[in-house]
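Trainee: how would this look folded up:
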Amino acid sequence: MPLFTLFLFAYLIGSFPTALIIGKVFYGIDIRKYGSFNPGATNSLRVLGKTAGIVVLLFDVGKGALAAALPFFFETDIDPLYSGLVAVIGHCFPIFAGFRGGKAIATTAGALLIASPLMLLVSYITFFLVIFITKYVFLGSISVGITLLLYSLIEPGLKNELLFFLYVILLIYLHRSNIINFWNHQEPMFHDKKLKKDRINPKKKP
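Mentor: Below you'll find the predicted structure:
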C-alpha cells in the first residue's frame, strides 16, 4: 500500500469525532460548547458523566491503536508509531468536525499501545504521577510529550527525537488555553468541586 494511502486511512480513523457524536446523539449538545470546550475524554467525563467519559476514552484509545496497527494489516514496513501519530493529528484536527478536535492524550495512548508498550508505560506513569503531584490534568498531558522526548534521547537506537520534539510543541499548542488560565490562576484542578456545575443531564438541549 502506498504510504500516502496508509497515512490517509490513519488520519480518517483519528478524525472520527467520538465525543462530539456521543454528546449530540445521547445528550443533544455540542460538547465543544461546554466545560473546557474540548471534545475529548476528560471533558466528556466532566460534562457528560462517567459512562460517556469511559466510552469516549475507549473509542479514542481504540482509534490510535487501530491506526498504529495498519502497517501490520497491510503488511508494510512502516513504523506503526508513525501511522498512530497520524491518527493523533486526525483526532486533534478532524476533518469530520471542522478541524476542532481533542488534545491527543487518549489517542496517543492507543498508538503507543501497539507501537511501543514500554513507551506507553513510562509516559503514562509520568502522566498520572504529574497529575497526582500538581493536581492539574493539562500538566500531566504535556508531561507525556516531554517524557517521550526524553525517552527518545536516552534510549539507544531510537531516531524519533525530532518527531517527539514536534509532538511536545503540538501539546503545548493544544493546551495553550490551559496554560493561559494557569498563569492567570483560573485553571481548575482536577478535584475542583466547581467542575460539577458543568455536568448536564441526558438529552438536555443547549
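
Trainee: ok, T147 to W183 distance?
Mentor: In this view, T147 and W183 are 23 Å apart by C-beta to C-beta, to the nearest Å. Backbone N, C-alpha and C define where each C-beta goes, glycine included.

Trainee: Which of those two has more residues huddled nearby?
Mentor: A count of neighbours by other C-beta atoms under 10 Å puts T147 above the other of T147 and W183, at 21 against 9.

Trainee: Show the average pLDDT along the helix or strand where the more buried one lies.
Mentor: Assigned by DSSP states H and E, T147 falls within helix 137-154. For helix 137-154, the mean pLDDT works out to 94.

Trainee: who touches that helix?
Mentor: The contact list for helix 137-154, computed with C-beta atoms under 8 Å, 6 or more residues apart in numbering, reads 42, 103-105, 108, 119, 122-124, 126-131, 134, 158-161, 163-165, 167-168, 170-172, 175, 178-179, 182, 187, 190.

Trainee: Which members of the residues you listed come out as buried by neighbour count?
Mentor: Among the contacts of helix 137-154, the ones that count as buried by 16 or more other C-beta atoms under 10 Å are 42, 103-105, 108, 119, 122-124, 126-127, 130-131, 158, 160, 163-165, 167-168, 170-172, 175, 178, 182, 187, 190.

Trainee: where along this protein do the helices fall?
Mentor: For the chain, the helices defined by DSSP state H cover 3-14, 18-27, 41-48, 50-73, 80-92, 105-115, 117-134, 137-154, 161-174, 176-183.

Trainee: What part of the chain, helix or strand, is modelled with the least confidence?
Mentor: helix 41-48 (a mean of 91; mean pLDDT, DSSP states H and E).

Trainee: who touches that one?
Mentor: Contacts to helix 41-48, defined as C-beta under 8 Å, 6+ apart, come from residues 19, 22-23, 26-27, 29, 31, 34-37, 52-57, 60, 102-103, 105-106, 137, 195, 198-200.
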